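Sequence first, then the predicted structure, then my questions.
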Amino acid sequence: MNAAFFIDAIITVVAVTTPILLAATGELVVEKSGVINLGVEGMMLIGAITAFAVAFDFGPDLGDFAPWFAVVCAAAAGAASSMLFGLLVLTLGSNQVATGLALTIFGIGLSSLIGAGYVGMTVPSFDSVFPDWLVADPLGRVLFGYSPLVYFALIMVLAVGWFLNRTRSGLVLRAVGENDLSAHSIGYPVIRIRYAAIAFGGALAGVGGAYFSMVITPMWAQQMTAGRGWIALALVVFAGWRAGRLLAGAYFFGILMTLELYAKASGFSFLPSQFWAAMPYLMAVVVLALMSARNVNRSDAPACLGRPFLPSS
Amino acid sequence: MRIRFEKRLTPSRFMLVATPVASVLLTMLLGAVIFELIGFDGPNAIYQTFITPIVASYKWQDVATKAAPLIIIALGLSLGNQAKIWNIGAEGQYIIGALCGAGVAMAFPNGQSFWIIPLMIAVGIAGGMAWAAIPAFLKTRFRVSEVLSSLMLVYVALQVLNYLIGGPWKDPNGHNFPQTPPFTPAQQLPHTLPGTPFPPGLAVAVLLTIAFWIIMARSVYGFSVRTVGAAPEAARYAGFDASRTVWSTLMISGGMAGLAGILEASSQLGQINLGFPSGYGFTAIIVSFLGRLHPIGVFLAGVILAVTYVGGQVAQTVVHVPEATAGIFQATMLFFILASDILIRYRIRVVREAPVAAAGARAGATA
């Protein structure tokens, strides 16, 4: 246990945390608008394969610009797939739980279909955005040695926190989530605001997926997100629908997932490696119970979460 | 001109039945078009996927083998869905049920008597129930959403399976593969019922479909479940306990998933291996919705989804479409069925003018 070990550990924690932080930040905005989208896992996979396919097929022509373009495409693909969900739950008033699941099943199928030809292929990843001398010493590496998406995730969660709590538009979005009928009756376009929130959530889930295929392992494997999208959903509940706690919660889960990697790699664990693999999911259940127990009388959840809204009814 | 949804006074029974049929047909049509666009023989791919498994009698055994667990799990899920209890973790209950049943087999390696199979099945059901009891407890005690808790437990169940078949239960003669020792003949159900191409699970599925039909249509319990889902306030006023509905629906759906799991293990695989978790628990959610939560509908929907599995493999070998297309067909079917839900409670009206300016615009048009 020396400094180098801790630095490696910190860097691993940041790496595994970033995709769930991205996806959960997007889902936070969606849920604040009163919609629960269980399609996060599917949208992440669609983002992951889009980024990978774009980087693989167009990478040689684009050079250093390729990973950036790939991530933008992943965001667009995530947003596009979320619009399918939006059309069903917003315009057609379908059940949000079932529609979100359909989106996840669809995303798994679509990414496997497109990804079948890419299994085992590799793509070039991001170069550091900071000059080399900054990353030279260990402390510099901990601060500046990451993929640009890591900083993007941190900026997004702070920006979302600011947007929701400090801006007028954020207030309107929260009003739509707390009481859609009132918001509708004073003239806010409930459906349009929810579409926008869902698209934002889809875009961030797409970027989160791209982080898997572009940064964590720039080599394609089917279903590489391995259930992390569901952790992102639990994280939003765990955070009590607050951006600051979302950031802290994401790192808590990131540490748990890192324990799994270290337990597998070093064999220091007296418990079987499967225990550590199950740990993030077990802890998700435990923290859901703790958070919900605290909230029995005073719910943090947006009041209209999951309720369909059809103004013509 | 714009389209408007107008609420019906009573839900349309015609649409309740017509929309699932239309969803399947639209999925076939869309599938043919998309296959054609990406360079396959579209109509043939659809024929092989949806029709071959039905017309070719040598495929019936495959279809029935896939349909049985889907129907058994989906019957349980439909009950909960009627009460708006969303058990998304049937896959985990299916795995744990099979593991518990297999545990009985492991505990009596020399068990030859006839009671070993009933015991395995009973313990399998109990295991599925126990796994579903966790979300039920968390929901009734702490109001934890059963959607997330049941789903997280799927991933935990997968790790339990990996641990057991790779560790304590590993077959010593299995060439180091992660799998349990094969069940003895006394611990196995036959692949198919004697003289038929159908697995024993299908007989169970038929009996349970009838049982669920009677329970839902004729019993106070069935009525209470529907009322808790449709009008929670009215249900409370009528004295139907919401917590008891949560417990009972999760116990029943968990038990059904466990039953499906142990039947699959003892009649089809004859052991538990890495290939055991096959996603039936998730596909059963689609079956439940495509079947409109009605036992007969669930039975038919289970057969259709089983056809897409079997047909997907046929299309893969005959038309060389990729393996993953079956999953996309299943998701598309669910999308269509959910999108058409609105037609049951609303009718579509095409309105000529925007309603706000209606009076003025009409005056202008006639002038």
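Structure received.

does any part of the helix or strand that contains B:F14 sit near chain A?
Secondary structure assignment for B:F14, by DSSP states H and E: helix B:13-37. No: judged by CB under 8 Å from any CB of the partner chain, helix B:13-37 makes no contact with chain A; its nearest approach is 10.4 Å. The way it works is simple: take the backbone N, C-alpha and C, and place the C-beta from them, glycine included.

what's the answer for stretch B:165-180, then?
Yes: against chain A, stretch B:165-180 shows contacts by CB under 8 Å from any CB at B:G166, B:G167.

State the mean pLDDT of that stretch.
What stretch B:165-180 shows for mean pLDDT is 88.

Pretty sure A:A48 sits against A:G209.
Yes: at 3.6 Å, A:A48 counts as touching A:G209 under the criterion of CB atoms under 8 Å.

Which residues are in contact with each of the two?
Jointly contacting A:A48 and A:G209 under the rule CB atoms under 8 Å, 6 or more residues apart in numbering or on different chains are A:A74, A:T225.

So which of the two has more stuff around it?
Set A:A48 next to A:G209 and count neighbours by other CB atoms under 10 Å in any protein chain shown: A:G209 wins out with 37 against 33.

wouldn't the more buried one be in contact with A:G42 here?
No: at 9.4 Å, A:G209 does not count as touching A:G42 under the criterion of CB under 8 Å.

Can you give me the pLDDT of B:F14?
At B:F14, the model reports a pLDDT of 87.

which ones are touching it?
Remark: with contacts taken as CB under 8 Å, 6+ apart, B:F14 is in contact with nothing.

quick one: it from chain A, how far?
Shown here: B:F14 relative to chain A, a distance of 18 Å by CB to the nearest CB, to the nearest Å.

Next secondary structure element downstream of the host helix or strand of B:L207?
Using DSSP H and E, B:L207 sits within helix B:200-218. Using DSSP H and E, the helix or strand that directly follows helix B:200-218 along the chain is helix B:220-230.

That following helix packs against which elements?
Judged by 3 or more CB pairs under 8 Å, 6 or more residues apart in numbering or on different chains; DSSP states H and E, the packing partners of helix B:220-230 are helix B:60-82, helix B:200-218, helix B:232-237, helix B:242-264.

looking just at contacts, which helices and strands does the last one meet?
Looking back up the chat, that one is helix B:242-264. Counting contacts by 3+ CB pairs under 8 Å, 6+ apart, helix B:242-264 packs against helix B:60-82, helix B:90-107, helix B:116-142, helix B:146-166, helix B:200-218, helix B:220-230, helix B:232-237, helix B:280-290.

May I have the helix or strand of chain A with the lowest mean pLDDT exported as PDB, CA atoms only?
The weakest-scoring helix or strand in chain A, judged by mean pLDDT, DSSP states H and E, is helix A:132-135 (a mean of 72). This file holds the C-alpha atoms of helix A:132-135, laid out as PDB (Å, rounded to 0.1, in the frame of the first residue of the first chain):
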ATOM      1  CA  ASP A 132       2.200  16.700 -20.900                       C
ATOM      2  CA  TRP A 133       4.100  18.500 -18.200                       C
ATOM      3  CA  LEU A 134       1.000  18.800 -16.100                       C
ATOM      4  CA  VAL A 135       0.400  15.000 -16.200                       C
END
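
what does the model give B:E353 for pLDDT?
Per-residue pLDDT puts B:E353 at 62.

circling back: distance to A:E178 and mean neighbour count added to the helices and strands packed on helix B:242-264, as TSV?
Formatted as TSV, the helices and strands packed on helix B:242-264 follow (distance: least, CB to CB, whole Å; neighbours: other CB atoms under 10 Å in any protein chain shown):
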stretch	distance to A:E178	mean neighbour count
helix B:60-82	27	27
helix B:90-107	33	28
helix B:116-142	23	22
helix B:146-166	21	23
helix B:200-218	36	17
helix B:220-230	24	18
helix B:232-237	20	13
helix B:280-290	29	27
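
Quick one: those helices as CSV, columns for distance to A:P138 too.
Shown next, in CSV, are the helices and strands packed on helix B:242-264 (distance: least, CB to CB, whole Å):
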stretch, distance to A:P138
helix B:60-82, 52
helix B:90-107, 42
helix B:116-142, 43
helix B:146-166, 34
helix B:200-218, 59
helix B:220-230, 58
helix B:232-237, 58
helix B:280-290, 45
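
averaging pLDDT over each of those, which comes out lowest?
Looking at the helices and strands packed on helix B:242-264, the weakest mean confidence is helix B:232-237, a mean of 84.

elements contacting that helix?
Other elements packing on helix B:232-237 under the criterion 3+ CB pairs under 8 Å, 6+ apart are helix B:220-230, helix B:242-264.

A:D132 is nearest to which of these?
helix B:242-264 (55.2 Å; CB to CB).

Who are the contact partners of the residue most central in space within chain B?
Central residue of chain B (CA atoms, centre = their mean): B:A284, 1.1 Å from the mean position. Contact analysis of B:A284 by CB under 8 Å, 6+ apart lists B:P69, B:L70, B:I73, B:A74, B:L77, B:A90, B:A257, B:G302.

ok, 7 Å please
Taking CB atoms under 7 Å, 6 or more residues apart in numbering or on different chains as the criterion, B:A284 is in contact with B:L70, B:I73, B:A74, B:L77, B:A90.

check which helix or strand covers the residue of chain B at minimum distance from chain A.
Nearest residue of chain B to chain A (CB to the nearest CB) works out as B:G327 at 3.2 Å. Remark: B:G327 resides in helix B:325-339, with elements defined by DSSP H and E.

and what of B:I348?
Element membership of B:I348, judged by DSSP H and E, is strand B:346-351.

helices or strands up against that strand?
Contacts defined by 3 or more CB pairs under 7 Å, 6 or more residues apart in numbering or on different chains; DSSP states H and E place strand B:346-351 against strand B:2-7.

Name every strand pairing with the strand it packs on and say which way it goes.
Using DSSP bridges, strand B:2-7 pairs in its sheet with strand B:346-351 (antiparallel).

List the contacts of the partner strand.
In contact with strand B:346-351 (CB under 7 Å, 6+ apart) are residues B:M1, B:R2, B:I3, B:R4, B:F5, B:E6, B:K7, B:R8.

Most neighbours of all the residues you listed, which one?
Neighbour max across these (other CB under 10 Å) = B:F5, 19 neighbours.

Against B:A130, how distant is the residue nearest to B:L75 when sequence neighbours are not counted?
Using CB to CB, 6 or more residues apart in numbering or on different chains and skipping residues adjacent in sequence, the residue nearest B:L75 is B:F212, 5.0 Å away. Distance, B:F212 to B:A130, using CB to CB, to the nearest Å: 22 Å.

again with A:A301
Between A:A301 and B:A130 the computed distance is 29 Å (CB to CB).

how about the residues of chain A near chain B?
By the rule CB under 7 Å from any CB of the partner chain, the part of chain A lying against chain B is A:38, A:88, A:92-95, A:97-99, A:101-102, A:105-106, A:108-110, A:112-113, A:116, A:227, A:230, A:233-234, A:237, A:272, A:274, A:277-278, A:281-282, A:284-285, A:288-289, A:292-293, A:296, A:310, A:312-313.

quick one, what contacts the nearest residue to B:S150 once chain neighbours are set aside?
Excluding the flanking residues, the one nearest B:S150 by CB to CB, 6+ apart is B:G89, at 3.0 Å. The neighbours of B:G89, taking CB under 7 Å, 6+ apart as the test, are B:P135, B:S150, B:L151, B:L153, B:V154.

if you set the cut-off to 10 Å instead, what comes out?
Counting by CB atoms under 10 Å, 6 or more residues apart in numbering or on different chains, B:G89 makes contact with B:95-96, B:131-132, B:134-135, B:146-157, B:250, B:253-254, B:257, B:281-282.

which residues in the stretch 201-313 of chain A form helices?
A:228-238, A:243-266, A:273-294 (DSSP state H, counting those that start in this stretch).

picking up where we left off before, which among the residues of chain A next to chain B count as buried?
If you count burial by 16 or more other CB atoms under 10 Å in any protein chain shown, the buried members of these come out as A:38, A:88, A:92-95, A:97-99, A:101-102, A:105-106, A:108-110, A:112-113, A:230, A:233-234, A:237, A:272, A:274, A:277-278, A:281-282, A:284-285, A:288-289, A:292.

All set, thanks.
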